[in-house]
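Trainee: sequence first, predicted model second:
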There are 2 protein chains.
Amino acid sequence: MILNLARRAHNHNWALDPIVRSLLDTDFYKLLMLQYIWKHFRGVQVTFSVVNRNSTVRLAEQIDIEQLRAQLDHVRSLSFKRSELVWLAGNTFYGVRGIFEPAFLEWLEHHFRLPDYLLDVVDGQVRLEFAGEWTQVTMWEIYALSILSEMKTRYGLRDLSELELDILYARAKTRLWEKIERMRSVEGLRIADFGTRRRHSFLWQEYVVDAMQSTLGERFTGTSNTYLAYKHDMEAIGTNAHELPMALAAMANNEEELLQSQYKVLGLWQQTYGGALLMLLPDTYGSTQFFRHAPDWVAAWTGLRIDSKEPLVAGEEYIGWLKERGQDPARKRLIASDGLDVEEILTLHHRFHGRIRFSSGWGTLLTNDFRDCHPRGEHELEPLGLICKLQTVNGRPAVKLSDNYQKATGPAEEIARYRQVFGVEGVEDVPVLV
Amino acid sequence: MILNLARRAHNHNWALDPIVRSLLDTDFYKLLMLQYIWKHFRGVQVTFSVVNRNSTVRLAEQIDIEQLRAQLDHVRSLSFKRSELVWLAGNTFYGVRGIFEPAFLEWLEHHFRLPDYLLDVVDGQVRLEFAGEWTQVTMWEIYALSILSEMKTRYGLRDLSELELDILYARAKTRLWEKIERMRSVEGLRIADFGTRRRHSFLWQEYVVDAMQSTLGERFTGTSNTYLAYKHDMEAIGTNAHELPMALAAMANNEEELLQSQYKVLGLWQQTYGGALLMLLPDTYGSTQFFRHAPDWVAAWTGLRIDSKEPLVAGEEYIGWLKERGQDPARKRLIASDGLDVEEILTLHHRFHGRIRFSSGWGTLLTNDFRDCHPRGEHELEPLGLICKLQTVNGRPAVKLSDNYQKATGPAEEIARYRQVFGVEGVEDVPVLV
């Protein structure tokens, strides 16, 4: 048996096993939003920061800060490759070719670069912040999250023997196959991978997505991960996120502008994109008020993504509203994307299939479900509730209310002001004040 | 990434992926028995043949006869390597060094060779027979069985994609780990691998044995596979099999010699080996009559292996007999080895541990448990009930009665004659004849 001596020697001297291998290794919606920001909001200054929602987990004790720095620096050293840009220019996304303008791709090639970061440990937590032009800072979100997620994975695996690692992945693959078996014959099911940011690792996400593609046929509609879509000829999935309405709200100069900012963001989007990309994300300041105040052209959009609201309720609310506004739900899209696993996916599919074009964006429990897979029964591989969120826009605080009272983010006095403007109609867990 | 171009090109031109890679890839007891036969029975002529006990499975439709021929020819081309013989000479087996005589090892190196085989397809079954000197033919048993078993595996895997194969092994590893987890903390448990002959494949057996060794500590006592024991520095386990009493019985010239042959075989064994190798296998012609007729020196042997009798019953029978003969069971060994899986192993351990030095020889359900692992839910990987058994000795038929009436083998009229001599006391499933 002839060894590959070169590889063996190379492995002895490995400086870094990079987590992010390409700037395409991000959610596709970040690129769509980036072009939108580049078109309409050049010069806007923002800050983003990483927040660990599981604050009882002292993340800085599981992540070596110098290694984290090396990974972040590695991403900063990347640029979009010519072949990647050619693909962005020439590929069809959501049925449309040329979705990215030549001038934008030109800018991406020559002017885009990730700005520096602020990294520190405060009270056992990793403090990681980004500041600068929105057109640059925004891209840190997914790179930062997937790096932190995979570094936590590597920490969780550090003491396992080769056999134990093998068993760990055997169990995770067995689990994955059970899920695939439950889905592979369900008529009309539609699922996409949305699991980049909290994935176990890049290679595991690639394994999972490849397994779905080769077994689920048209039931698997694609991946939010642009690099995997590029590498494996899949559909890139995703349109927009809360970041946009939050930024526009922060830039509003009075109460009326604030209330209207949630539609202004859509108006600009519609100027930029069309067709299948016209997906509503109504929950930034509460879905119920969003529907009630929305002009009719909003109801004409292609579909809606549910995030913070219980999806059975949110789906019915959307269908009801469409009928009210004279729209045919059967021609609209509905995407659920928050904390799904097979069970929820099948329940939602059975509820909505045939009434609306329903699909599921499957995230963390697709790409990081290692529950009970640890060969020693430990729990170090549980995914973390890490987010990387917009904090300020041109020096003003960014706020999200969401459909769940507990999930509001931003400074308390600003949250209060936003609640004055948007109300709390249809929001869950509102405290009762007599 | 630099490819190993030599390996890649070599893989294109692979003539044979051999199943048996070394003549040590056999049960250790075959080597002990071989030396015994070589010492006491040189010149005896025997025939062995392969029998498929699952006669409804048309084995010849799942095995390519030319490929089988290539595998058998490959084993015939092997000889014992110098380093293997040095190990047999110098290694400690059951606590004794020099268990194999220099003259025997000399013979093994220069005179041992596997005789030709007769291969044919009859009625959808593989007809595979061996004839010649007992000192040569006997060694075919395990090579033939493990080749047939792995060829059937390869047939079962032929249409699976790389992903499906990966899932198959992930499931089998998950299953294995569940078993290991049930055993790893059980006090005083003792288990050995006895799974060579019906293994899924050589590499899978190696994986399983390696996993047991690295996780079970002293609970894993070793493997019956001599090659794996050699390669991984494990204890080689096993002493003797039915082949010996069957041959001696066949050579008996009258009824009294026949009855006594079951002890004569032991007398010669005791002349050849001692200590821990003095393991009784009492069920060839029925355990109950074996105990009743046995001279006291037989009760002084080190232990007993249970095969065809229900092990809870057989163990109690042995313990009762030992007490009757003034022996202390706590100083004796008891090994169960027939069709065990975790459940039976734990039940037997709890029953016998502390009363007698109990251990389990775990076979097919250790090295070939792929039940429900097939990614398409098919059943092609179920292990076959293949045996390769002694048919004739110097032209006379060989007979086994066993502790189960249904399991008797040999020509009907010979079975009847043997039953006259040995009786059917304590034998299960004896038909009631009014």
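Mentor: Received it, and whenever you're ready, just let me know what you need.
Trainee: which residues of the stretch 301-434 of chain A lie near chain B?
Mentor: The stretch 301-434 of chain A has residues A:Pro375 near chain B, with proximity defined as CB under 8 Å from any CB of the partner chain. No exception for glycine: its C-beta is placed from N, CA and C like everyone else's.
Trainee: for whichever residue of the stretch 301-434 of chain A sits closest to chain B, which residues are in contact?
Mentor: Across the stretch 301-434 of chain A, no residue is closer to chain B than A:Pro375, which sits at 6.6 Å (CB to the nearest CB). If you count contacts by CB atoms under 8 Å, 6 or more residues apart in numbering or on different chains, A:Pro375 has them with A:Leu160, A:Leu163, A:Glu164, A:Ile167, A:Leu168, A:Arg171, B:Trp177.
Trainee: separation between the second one and A:Arg333?
Mentor: Going back to what we said before, that points to A:Leu163. Taking CB to CB, to the nearest Å as the criterion, A:Leu163 is separated from A:Arg333 by 46 Å.
Trainee: what of the fifth one?
Mentor: Between A:Leu168 and A:Arg333 the distance is 37 Å, computed by CB to CB.
Trainee: coming back round to it: okay, the residue of the stretch 301-434 of chain A closest to chain B: pLDDT?
Mentor: For A:Pro375, the model assigns a pLDDT of 95.
Trainee: cool, and A:Leu228?
Mentor: 98.
Trainee: pretty sure it is touching A:Trp204, no?
Mentor: No. A:Leu228 is beyond contact range of A:Trp204, at 11.7 Å (criterion: CB atoms under 8 Å).
Trainee: list the buried residues in the helix or strand hosting A:Gln205.
Mentor: Taking DSSP states H and E as the criterion, A:Gln205 maps to helix A:202-216. Neighbour-count burial for helix A:202-216 flags A:202, A:204-213, A:215-216 (criterion: 16 or more other CB atoms under 10 Å in any protein chain shown).
Trainee: then stretch A:323-340?
Mentor: For stretch A:323-340, using 16+ other CB under 10 Å, the buried residues are A:Gln327, A:Pro329, A:Lys332, A:Arg333, A:Leu334, A:Ile335, A:Ala336, A:Ser337, A:Asp338, A:Leu340.
Trainee: so where is chain A shaky, pLDDT-wise?
Mentor: A:1, A:432-434 (pLDDT under 70).
Trainee: quick one, domains of chain A?
Mentor: Residue ranges for the domains of chain A, per automatic domain parsing: A:17-158+A:386-411, A:162-367.
Trainee: and A:Gln125, how close does it get to A:Glu380?
Mentor: The spacing between A:Gln125 and A:Glu380, counted by CB to CB, is 17 Å.
Trainee: brain fart, A:Trp362
Mentor: To A:Glu380, A:Trp362 is 23 Å away according to CB to CB.
Trainee: higher neighbour count, the two?
Mentor: More neighbours surround A:Trp362 than the other of A:Trp362 and A:Glu380, with 28 against 16 (other CB atoms under 10 Å in any protein chain shown).
Trainee: from what I can see that one touches A:Asp193, true?
Mentor: Yes. If you go by CB under 8 Å, A:Trp362 and A:Asp193 touch, sitting 6.2 Å apart.
Trainee: put the alpha carbons of stretch A:78-86 into CSV.
Mentor: In CSV, the C-alpha atoms belonging to stretch A:78-86 read as follows (Å, rounded to 0.1, in the frame of the first residue of the first chain):
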residue,chain,number,x,y,z
LEU,A,78,-10.7,35.8,1.1
SER,A,79,-12.1,37.5,-1.9
PHE,A,80,-14.7,36.5,-4.3
LYS,A,81,-13.1,34.3,-7.0
ARG,A,82,-13.5,35.0,-10.6
SER,A,83,-15.4,31.7,-11.2
GLU,A,84,-17.8,32.5,-8.3
LEU,A,85,-18.6,35.9,-9.8
VAL,A,86,-19.1,34.4,-13.2
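Trainee: wait, A:Val121 sits on A:Ile65?
Mentor: Yes. The criterion here is CB under 8 Å, and A:Val121 meets it with A:Ile65 at 6.2 Å.
Trainee: what about the strands in the stretch 51-200 of chain A?
Mentor: All strands of the stretch 51-200 of chain A, identified by DSSP state E, counting those that start in this stretch, fall at A:92-93, A:96-97, A:117-122, A:125-133, A:191-193.
Trainee: which stretch among those is buried most, on average?
Mentor: Highest mean neighbour count among those (mean count of other CB atoms under 10 Å in any protein chain shown): strand A:191-193, with a mean of 24.
Trainee: what about that strand, near chain B?
Mentor: No. Using CB under 8 Å from any CB, strand A:191-193 never reaches chain B; the gap is at least 15.9 Å.
Trainee: contacts for that strand next, please.
Mentor: With contact meaning CB under 8 Å, 6+ apart, strand A:191-193 is reached by A:183, A:205, A:208-209, A:212, A:216, A:219-225, A:228, A:235, A:237, A:345, A:359-362, A:366-367.
Trainee: tell me, how many residues neighbour the closest residue to A:Cys373 other than its chain neighbours?
Mentor: Leaving aside its chain neighbours, A:Cys373 sits nearest to A:Arg171 (4.0 Å; criterion: CB to CB, 6 or more residues apart in numbering or on different chains). Applying other CB under 10 Å, we find 22 residues neighbouring A:Arg171.
Trainee: and for A:Ala229, the neighbour number?
Mentor: For A:Ala229, the neighbour count with other CB under 10 Å is 22.
Trainee: three-state assignment of it?
Mentor: At A:Ala229, secondary structure determined by DSSP: H, G, I helix; E, B strand; the rest coil is helix.
Trainee: give the contact list for it.
Mentor: Applying CB under 8 Å, 6+ apart, the residues contacting A:Ala229 are A:Phe28, A:Gly222, A:Thr223, A:Glu235, A:Ala236, A:Ile237.
Trainee: out of those, which is nearest to chain B?
Mentor: A:Thr223 (16.6 Å).
Trainee: what are the ranges of the helices in the stretch 1-150 of chain A?
Mentor: Per DSSP state H, counting those that start in this stretch, the stretch 1-150 of chain A carries helices over the ranges A:5-12, A:28-40, A:65-77, A:82-90, A:102-110, A:134-137, A:140-157.
Trainee: quick one: closest of those to B:Trp297.
Mentor: Using CB to CB as the measure, helix A:140-157 is the one of the helices of the stretch 1-150 of chain A that comes nearest B:Trp297, at 57.6 Å.
Trainee: show me where the stretch 301-434 of chain A has strands.
Mentor: Along the stretch 301-434 of chain A, counting by DSSP E, counting those that start in this stretch, strands occupy A:303-306, A:333-336, A:357-362, A:386-393, A:396-397.
Trainee: right, and A:Ile37 touches A:Val44 too?
Mentor: Yes. Under the criterion of CB under 8 Å, A:Ile37 makes contact with A:Val44 at 7.4 Å.
Trainee: the two: which has the busier surroundings?
Mentor: Neighbours of A:Ile37 and A:Val44, each counted by other CB under 10 Å, are more numerous for A:Ile37; the result is 22 against 17.
Trainee: wait, what's in contact with the more buried one?
Mentor: Going by CB under 8 Å, 6+ apart, A:Ile37 touches A:Val44, A:Trp134, A:Thr135, A:Thr138.
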